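Colleague: Dropping a prediction and its sequence here:
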Amino acid sequence: MRATALVAIITFASPAVAAVPTVLTGNVTKVRDGDTIEVGKVPIRLNGVSAPEMKEPFGPQYKAFMVDLVMGKRVRCELNGRKTYDRLVGVCFVNGKDIGAAVIEAGLALDCPRYSGGRYMAVETQNARSRIKLPRYCK
């Protein structure tokens, strides 16, 4: 039996916004790494979240946390109209909870203020700050 994922995309047009925000809902079919999930076949980069890469310390733990948090679950992603590599960029929610905030609160990632505008600074843990290096592009 083959499972298929239903993905809904809703676009809101606004003449004042250069990039058109879009809301995407669907089930997470894959956790690629620390900051990328796939909703159906659509890769989403979590905006403003700086997670260790898989080859770095804590990278595998972050991915395992993400798999437990979102794999197979319905999410709602507010995409900002930007793209990085093959991924769309946005803030995603599972059961109404911001996924980026959840992983940062768990001490497995940091706020990337250049892209988040400081959205997650208040939930960062001191432990994460001491063990995870913030990439230069986040500053």
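Modeller: Nice, I can see it.
Colleague: Grab the most central residue of this protein for me.
Modeller: The residue lying closest to the centre of the chain (Cα atoms, centre = their mean) is residue 46, at 2.2 Å.
Colleague: how close does that one sit to residue 130?
Modeller: Distance, residue 46 to residue 130, using Cβ to Cβ, to the nearest Å: 22 Å. For every residue, glycine as well, the C-beta is placed using N, CA and C.
Colleague: Equivalent analysis for residue 102, please.
Modeller: With Cβ to Cβ as the criterion, residue 102 and residue 130 are 20 Å apart.
Colleague: Among those two, which residue is more densely surrounded?
Modeller: Shown here are residue 102 and residue 130; by other Cβ atoms under 10 Å, residue 102 has more neighbours (20 against 8).
Colleague: what about that one, helix or strand, and which?
Modeller: Taking DSSP states H and E as the criterion, residue 102 maps to helix 99-105.
Colleague: Okay, buried residues for that helix please.
Modeller: Neighbour-count burial for helix 99-105 flags 99, 100, 101, 102, 103, 104, 105 (criterion: 16 or more other Cβ atoms under 10 Å).
Colleague: Which elements pack onto it?
Modeller: Here helix 99-105 touches strand 49-50, helix 59-70, strand 87-94, going by 3 or more Cβ pairs under 8 Å, 6 or more residues apart in numbering; DSSP states H and E.
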